[in-house]
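Colleague: Any chance you can model this:
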Amino acid sequence: IDFSYEVQYDAEKSVKKVGNIIKKCIDDGSSVFDWKHKRPDGTVWDGRVQMLSFSVEETILIEVSVLDITETKKNDEFLRINRALIDERLANISAIIENTDNNIWAVNRKYEIIYINETCKRNMKEVYDIEVDRGKVIMNFFSPIEQERWKKVYERGFNNEKFSFEDKIKIKERNVYVRI
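Modeller: The predicted structure is shown next:
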């Protein structure tokens, strides 16, 4: 207990907690847990403790090994915080994308749809009578001539070129011009 920090992660005092851990190790034969330790200079560090109980001539012995996981704990906390920030930003972006009247979609280099908003799905169904969704290959919905034209457009995007153009599509026997 001399190497333990005064309190553990759950705010319980180490002196009180250690007795239960030893009993559990003896009852179960082994135990693995994280524990706050303190170096002689007072520095607190995180350890993963592995305990193994065994008997030798009616004497119960416990073998203990400790691995310093301080950096792992810091990295885990860093990842947890950043994952929460990323999730929040993605939720905000998704709310913006899903609440627009614009068609928004993205494809990978295999022309598989990796994102498509509900507006675009709805408009593709209304205009072309096709069901589009993530994972489907967008080129499969076009004629061979249209495929070649759209491959050129997508290549420009894959090359990070910023561009827009006007396109004419026929909807219910009338021409509609759209900006892409």
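
Colleague: residue ranges of the helices in this structure, please?
Modeller: Assignment of helices within the chain using DSSP state H yields the ranges 14-28, 70-98, 118-128, 144-158.

Colleague: Give me the residue at the spatial middle of this protein.
Modeller: With distances taken as CA atoms, centre = their mean, residue 83 lies nearest the centre of the chain, 6.6 Å away.

Colleague: before we move on, the earlier item: present the helices of the chain as JSON lines; the columns should include distance to residue 50.
Modeller: Quick note: C-beta positions are derived from backbone N, CA and C, even for glycine. What follows is those, written out as JSON lines (distance: least, CB to CB, whole Å):
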{"stretch": "helix 14-28", "distance to residue 50": "10"}
{"stretch": "helix 70-98", "distance to residue 50": "15"}
{"stretch": "helix 118-128", "distance to residue 50": "51"}
{"stretch": "helix 144-158", "distance to residue 50": "50"}
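
Colleague: Where does pLDDT dip in the protein?
Modeller: Judged against pLDDT under 70, the low-scoring parts of the chain cover residues 1.

Colleague: which residue of it sits farthest from its center?
Modeller: If you look at how far each residue of the chain sits from its centre, by CA atoms, centre = their mean, the farthest one is residue 57, at 51.4 Å.

Colleague: Now it: phi and psi?
Modeller: Summarising the backbone geometry of residue 57 under the convention degrees, to the nearest 10, its torsions are phi 50, psi 60.

Colleague: Okay, it and residue 51: tell me how far apart.
Modeller: Residue 57 is 20 Å from residue 51, where distance means CB to CB, to the nearest Å.

Colleague: Also residue 62?
Modeller: The span separating residue 62 from residue 51 equals 6 Å under the rule CB to CB.

Colleague: joint contacts of these two?
Modeller: Taking CB atoms under 8 Å, 6 or more residues apart in numbering as the criterion, residue 62 and residue 51 both touch 22, 25.

Colleague: Quick one: neighbours of residue 68, just the number.
Modeller: Number of residues near residue 68 (other CB atoms under 10 Å) recorded here: 12.

Colleague: And residue 35, how far from residue 54?
Modeller: The gap separating residue 35 from residue 54 is 21 Å, by CB to CB.

Colleague: Which one's more surrounded, these two?
Modeller: Neighbour comparison, residue 35 and residue 54: the larger count goes to residue 35, with 20 against 12 (by other CB under 10 Å).

Colleague: so the more buried one makes contact with residue 50?
Modeller: No: under the criterion of CB atoms under 8 Å, residue 35 lies out of contact with residue 50, with a separation of 10.6 Å.

Colleague: okay, and the common contacts of these two?
Modeller: Shared contacts of residue 35 and residue 50 (CB under 8 Å, 6+ apart): residue 66.

Colleague: could you list every residue that touches residue 50?
Modeller: Residue 50 neighbours (CB under 8 Å, 6+ apart): 30, 31, 32, 64, 65, 66, 67.
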